[in-house]
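Q: quick one, fold the following:
(chains A and B)
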Protein chains: 2
Amino acid sequence: MSTSQPNHPNAGRRMLLGGSAAALSALGLASFTRGAQAQTAVATAAAKPLPSYAAWKDANALIVHTSNTIETRRSAFGASVITPSPQLYVRNNLPPVDAAVLQDRDAWVLEIEGVKKPRSLTLGELKTLGLDTVATVLQCSGNGRGFFPSKPSGTPWQVGAAGCVLWAGVPLRNVVAALGGLADGARFVTGTGGEKIPEGVDPASVIVERSVPIKALDDALLAWEMNGEPLSLAHGAPLRLVLPGYQGVNNIKYVKRVAFTSSESKAKIMAHGYRMTPPGEKSSPEQASVWEMGVKSWINGPLPEDGTLQAGLVQIHGVAFGGTRAVKGVEVSTDGGKTWKAARLVGPDLGRFAWRQFVVSATLGSGTHALMSRATDVAGNTQPEQREENSQGYNNNSWRDHGVTVTVA
Amino acid sequence: MSTSQPNHPNAGRRMLLGGSAAALSALGLASFTRGAQAQTAVATAAAKPLPSYAAWKDANALIVHTSNTIETRRSAFGASVITPSPQLYVRNNLPPVDAAVLQDRDAWVLEIEGVKKPRSLTLGELKTLGLDTVATVLQCSGNGRGFFPSKPSGTPWQVGAAGCVLWAGVPLRNVVAALGGLADGARFVTGTGGEKIPEGVDPASVIVERSVPIKALDDALLAWEMNGEPLSLAHGAPLRLVLPGYQGVNNIKYVKRVAFTSSESKAKIMAHGYRMTPPGEKSSPEQASVWEMGVKSWINGPLPEDGTLQAGLVQIHGVAFGGTRAVKGVEVSTDGGKTWKAARLVGPDLGRFAWRQFVVSATLGSGTHALMSRATDVAGNTQPEQREENSQGYNNNSWRDHGVTVTVA
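A: Residues are numbered from 1 along each chain as shown, chains lettered A, B, ... in the order given. The predicted model follows:
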């Protein structure tokens, strides 16, 4: 979106920052108008511009860590269930494919292997095989890494490497059916990205290729549309493998190959990357990979960024999701986790892969209040108090880490 | 959104138009790259720029009829359930309020009358009284006017004066409860817009003030957020009265007063505007007002704009809604309404006020095919074949009018 329009929908948000964000940015001050918690991440990121492939995004809603890691500000989530594309985070492992592919999206070719009749299909052909839509939480497995005291290497995401978006495309199972069904021995869905491999490096060391258990086929979608628009390069145009409930890295952008394989990919990003490696140890294929997301929630309002609140009634709200399982309930604490109160789940339920909005009415007196939220999924799994320590800072769903402290006059 | 970014999410759509839309527009050709049906509306509108208050919108997705009437192109709806804000239509009866009000949204004042304890509340105060979200179809009652052979005065909207969006705000009933409940004799919810009244005219002749039956209170929301962002001026910032299931004009933008009244407003827009006036007669308060929306659907793909299709399997898709009642089913015809086939409702169900996506797989041979869709709501009301004739072209939900004809090689 343009940042020069006086009537831009986000003009109000910018005003909350105390003036024109663009003007503040020019003074190098934009990073320091946020609350104390947000400053941690912002300070390490400084005020970098959006990369060209994501220049259409809403700069005021985002923290640019690097050209391939861009985070949604916690204050930009709002209270509605879908994250608008201009506010959605970006995490690429390699630069996007060349924009020239968008000149003829339907000509994009996908190889399908591990079926009875393996072949390639163009996107134009895929579009004839079915159409479905699904809402999913898209989340980088490193979301929440910024809360690890051990400061693992990697982007110090707080809550904003996540969003809830709508996808349209063809169910992968339709494609499998059209090609005669799965070949024998298929145990994994392995997706490969079409990014250009830099010269002079071993392709296996950088190629984006991930395997997930074959059960993911049930819900997998080959998507060409996100949030009602043709996919953007920032999010995987022209075709993305969407695996509802699985951490973002498994949702292969620019997907050029889907193979139903008997073993996991040997690519580095699968064999050694994104593993739950105990602190101090080396990563290995024997450690758990970041597959299904755990149950998680966080509060999006009120926030420290809102400044000092007035004593009295407030509406505490946030988001909760359960990976592949629906959220059953959310509890909220205003005393740092000593006591809890059931929240209401509000607004439309977009299905088990989407997040839900929750709200609690609370009366806050003067002083500081540590607000926490804790979700439980339909299988009875409750969001844990403590993160699972691991060397790379993955899968943080600790409710304590995700709390916020607000001040009331 | 910027239109100068080569990687803009809509770059692909622009390519479908045969080149840069901006370049075509400069040549005065943009209007004539669409299919035959779309040209009807576009030709009367010519290629006007977006007004400043809506300059952040996606010009390539929109037809600018006038500065206060902007339509979504049928080809821009995509197959996902929520209409992104940059693609959403705009229909204002007066110019928006001054952008200066966005500098302190929470200071906006709403008067509440017709309750036991009438008073004014600031938006900041309203925000403490509750938080809920709802997805609704927002539709101008003149949507489909462009299909009336009688060519009624007013904007010749085809299908694009409609969208499905998410709202967040406080339920109006919470506000009523906080003010002691309804006063005796309340039969209507009357909302008044805060637009500036032009000098030298009788305020009642232009003020945007509408009344709807009191039962609308059950679902009404005072909304400050749309699609996850603070409301924009184009859509009613800082506060809008959202009446789920009611035609757009009743959803008062810039709402400055909500009154629970014993009779309908005497403002011209209520007493004489938006009435179902028989052809050739004068409008009067005795005629039906455009309140609840009727059951309706239309096809968004394939479209004549897609050019000549290849023979074989296609996925016919569109949207269907039932006003205040959920959609039970949709049928699709590929032979102009002679035979019908049940469509699948796909994707998330956002509740009874939202629209649903429907899809039918069909095999089309070479020739032309008249594609029609026909929705039925849960009360058993089926979308009619014929529009209800009226002098101003309101409430067109004729399935025949909304069909499209595609060509297969």
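
Q: what's across from A:E229 in the sheet?
A: With DSSP bridges as the criterion, A:E229 is bridged to A:M226.

Q: what does the spatially most central residue of chain A show for phi and psi?
A: Taking C-alpha atoms, centre = their mean, the centroid of chain A lies closest to A:Q139, which sits 2.2 Å from it. Backbone torsions of A:Q139, given as degrees, to the nearest 10, read phi -140, psi 130.

Q: find the nearest non-adjacent residue to it, please.
A: Nearest residue to A:Q139, sequence neighbours excluded (C-beta to C-beta, 6 or more residues apart in numbering or on different chains): A:A162, at 3.8 Å. C-betas here are computed from N, CA, C, even on glycine.

Q: how much space separates that neighbour from A:T83?
A: 8 Å (C-beta to C-beta, to the nearest Å).

Q: any residues in contact with both of these two?
A: A:T72 (C-beta atoms under 8 Å, 6 or more residues apart in numbering or on different chains).

Q: is the closest residue to chain B within the stretch 101-250 of chain A bridged to anything, and to what?
A: In the stretch 101-250 of chain A, the residue found nearest to chain B is A:T133; the distance is 3.3 Å by C-beta to the nearest C-beta. Beta-bridge pairing of A:T133 under DSSP bridges involves A:A168.

Q: residues near it, how many?
A: For A:T133, the count of nearby residues is 24 (other C-beta atoms under 10 Å in any protein chain shown).

Q: same question, A:L123
A: 20.

Q: list the contacts for it?
A: A:105-110, A:224, A:238-239.

Q: try it again with 6 Å
A: A:105-106, A:108, A:238-239 (C-beta atoms under 6 Å, 6 or more residues apart in numbering or on different chains).

Q: give me the nearest residue to it, chain neighbours excluded.
A: In space, A:L123 is closest to A:W108, 4.4 Å off (C-beta to C-beta, 6+ apart).

Q: where does chain A have low pLDDT?
A: Low-confidence segments of chain A (pLDDT under 70): A:1-46.

Q: can you rerun that using 90?
A: A:1-47 (pLDDT under 90).

Q: show me where it has helices.
A: A:11-16, A:21-26, A:36-45, A:123-126, A:172-178, A:203-206, A:268-271 (DSSP state H).

Q: count of residues packed around the closest residue to chain B within the stretch 201-350 of chain A?
A: Of all residues in the stretch 201-350 of chain A, A:G347 sits closest to chain B, at 3.3 Å by C-beta to the nearest C-beta. The local packing of A:G347 (other C-beta under 10 Å) involves 23 other residues.

Q: so it sits against A:R356, correct?
A: No. Counting by C-beta atoms under 6 Å, A:R356 is not a contact partner of A:G347; they are 7.6 Å apart.

Q: so which residues on the stretch 201-350 of chain A come close to chain B?
A: A:225, A:227-230, A:232-233, A:313, A:315, A:317, A:346-348, A:350 (C-beta under 6 Å from any C-beta of the partner chain).

Q: do the stretch 51-200 of chain A as well
A: Residues of the stretch 51-200 of chain A lying near chain B (C-beta under 6 Å from any C-beta): A:53, A:55-56, A:78-80, A:82, A:84, A:99, A:102-103, A:105, A:128, A:131-133, A:135, A:166, A:168.

Q: please repeat the previous calculation with a cut-off of 7 Å.
A: A:52-53, A:55-56, A:78-85, A:87, A:99, A:102-103, A:105, A:127-128, A:130-135, A:166, A:168 (C-beta under 7 Å from any C-beta of the partner chain).

Q: I'd say A:N227 and A:L166 touch.
A: Yes. Counting by C-beta atoms under 7 Å, A:L166 is a contact partner of A:N227 at 5.4 Å.

Q: overlap in contacts of these two?
A: Among the neighbours of A:N227, those also in contact with A:L166 (C-beta atoms under 7 Å, 6 or more residues apart in numbering or on different chains) are A:82, B:80, B:82.

Q: which residues does A:S391 contact?
A: A:152, A:277-281.

Q: CSV for these, including distance to A:F188?
A: Formatted as CSV, those follow (distance: C-beta to C-beta, whole Å):
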residue, distance to A:F188
A:P152, 27
A:T277, 21
A:P278, 24
A:P279, 28
A:G280, 29
A:E281, 24
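
Q: TSV for those, including distance to A:D219 and neighbour count?
A: Converted to TSV, these look like this (distance: C-beta to C-beta, whole Å; neighbours: other C-beta atoms under 10 Å in any protein chain shown):
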residue	distance to A:D219	neighbour count
A:P152	30	18
A:T277	28	18
A:P278	31	13
A:P279	33	11
A:G280	36	8
A:E281	33	11
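
Q: could you count how many residues lie near A:G337?
A: By other C-beta under 10 Å, 16 other residues sit near A:G337.

Q: quick check: closest non-adjacent residue to it.
A: A:M372 (5.0 Å).

Q: what do you get for A:V255?
A: Using C-beta to C-beta, 6+ apart, the nearest residue to A:V255 is A:L241, at 4.5 Å.

Q: correct me if wrong: the one you found contacts A:W224.
A: No. Using C-beta under 7 Å as the test, A:L241 is too far from A:W224 to be in contact (11.4 Å).

Q: ok, these two, which is more surrounded?
A: A:L241 (29 against 26).

Q: list the residues that contact A:L309.
A: By C-beta under 7 Å, 6+ apart, the neighbours of A:L309 are A:302, A:364, A:406-409.

Q: and of these, the nearest to A:F148?
A: Nearest to A:F148 among the contacts of A:L309, counting by C-beta to C-beta, is A:V406 at 23.2 Å.

Q: just the strands in the stretch 301-409 of chain A please.
A: Per DSSP state E, counting those that start in this stretch, the stretch 301-409 of chain A carries strands over the ranges A:312-321, A:327-333, A:341-342, A:344-346, A:356-364, A:367-377, A:404-408.

Q: export the ones you listed to TSV and tack on mean neighbour count?
A: Below are those laid out as TSV (neighbours: other C-beta atoms under 10 Å in any protein chain shown):
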stretch	mean neighbour count
strand A:312-321	23
strand A:327-333	22
strand A:341-342	12
strand A:344-346	18
strand A:356-364	21
strand A:367-377	21
strand A:404-408	19
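
Q: dump the ones you listed to TSV, plus distance to A:V189.
A: Output for the strands of the stretch 301-409 of chain A, formatted as TSV (distance: least, C-beta to C-beta, whole Å):
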stretch	distance to A:V189
strand A:312-321	21
strand A:327-333	25
strand A:341-342	37
strand A:344-346	31
strand A:356-364	27
strand A:367-377	23
strand A:404-408	37
